[in-house]
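**Q** my questions are about this predicted structure, shown below with the sequence.
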Amino acid sequence: MIYIIYIIGIIAGLILPIQTSVNTNLGNRIKGTPFIASMVSFLIGTLSLFIIALLKGVPILIPLSTFANQPYWIWLGGALGVVGLTSNIIIFPYLGSVQTVVMPILGQIIMSMIIDNFGLFMSPEHPFTIMRFISILILLAGVLMIVFKRNGENKRNRNYLWQILGVIAGMFQATQTPVNGHLGMVLGSSEHAALISFFIGTVILVIIAGFTDHGYMKIKNAVGKGNPWWIWIGGALGAVYVMSNAFINPVIGTGTAVILTLLGNLSGGVIFDKFGLMGTTKKNITIIQYLGLLVMILGVVLVHTF
């Protein structure tokens, strides 16, 4: 059973580079700010989860007692996702592609270890030992081997404020995992938890996009001939990712869940670069990157072991 959970976590991570490519294409065709493309993605994800919930017979309404008897933070998953997404959009022009990847990853790992060590958000408790620390260093070494070669951007960038914001964005993203995981336990359904998270995120992005894009009419630019059908599936892919994390987190803990999705994410990124999938620029994959994946796998095994 545990190996199936691990596979789900890695597949969830593999979804992320596909979703990024899809949403980027959608945003380019809408020709607005990134917020309106994200809003469309969240809205489609919400509709997808609503249909899944109906087909599975999952109750859509939430008992009033849940609001009174459960901690307030179980409703913050959607907001945390939006904050993480928005922060990445903001820091990219200041940090470039490499640090926009590395800083949030660092934040995710730091926060996931803190959550595991103290059992925050009612997550399974995993003490932070010296061996776990060494395992994280090995994992980060693998990340750097993949990312720096992949992006070819090795110059230093000392925008410390934006670097800190990138780390904080990653910490928000890591926090979303146990929050949605506990909400899934409370509601008795990871699908229902993901639906609530996406709905809240959609409402927030509708408000933001309304201001930044002065309305929603630009969406029609992505409709009609010349626009591939797959530009609309980003939200559904995101729904699968959130739903998968809500399912696996209560079983294996936040740290392992986050690290598995990171492994899947960077592995998927390497695949996209090698084959130039979905309109991405084809890039040569070096032996260092392949070794980086192996080092990451070693780090994941050690984190699980210790």
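**A** Cool, the structure landed.
**Q** read off the pLDDT value for Met1.
**A** Model confidence at Met1, given as pLDDT, is 66.
**Q** what mean pLDDT does the helix or strand encompassing Ala141 have?
**A** Secondary structure from DSSP states H and E places Ala141 in helix 130-151. For helix 130-151, the mean per-residue pLDDT is 83.
**Q** buried residues, it. List them.
**A** By neighbour count on 16 or more other Cβ atoms under 10 Å, the buried set for helix 130-151 is 132, 135-136, 138-151. (C-beta placed from N, C-alpha, C; glycine too.)
**Q** could you do stretch 186-200 as well?
**A** Of all the residues in stretch 186-200, those buried under the rule 16+ other Cβ under 10 Å are 186-187, 189-200.
**Q** adding secondary structure and pLDDT, write those residues out as JSON lines.
**A** Formatted as JSON lines, the buried residues of stretch 186-200 follow (DSSP: H, G, I helix; E, B strand; the rest coil; pLDDT from 0 to 100):
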{"residue": "Val186", "secondary structure": "helix", "pLDDT": "92"}
{"residue": "Leu187", "secondary structure": "helix", "pLDDT": "92"}
{"residue": "Ser189", "secondary structure": "coil", "pLDDT": "91"}
{"residue": "Ser190", "secondary structure": "helix", "pLDDT": "91"}
{"residue": "Glu191", "secondary structure": "helix", "pLDDT": "91"}
{"residue": "His192", "secondary structure": "helix", "pLDDT": "93"}
{"residue": "Ala193", "secondary structure": "helix", "pLDDT": "93"}
{"residue": "Ala194", "secondary structure": "helix", "pLDDT": "92"}
{"residue": "Leu195", "secondary structure": "helix", "pLDDT": "94"}
{"residue": "Ile196", "secondary structure": "helix", "pLDDT": "94"}
{"residue": "Ser197", "secondary structure": "helix", "pLDDT": "93"}
{"residue": "Phe198", "secondary structure": "helix", "pLDDT": "93"}
{"residue": "Phe199", "secondary structure": "helix", "pLDDT": "95"}
{"residue": "Ile200", "secondary structure": "helix", "pLDDT": "95"}
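**Q** and which of those is nearest Tyr6?
**A** Closest to Tyr6 out of the buried residues of stretch 186-200 is Ser190 (16.5 Å), distances taken as Cβ to Cβ.
**Q** what's the burial count for Leu298?
**A** The number of residues packed near Leu298 is 15, by other Cβ atoms under 10 Å.
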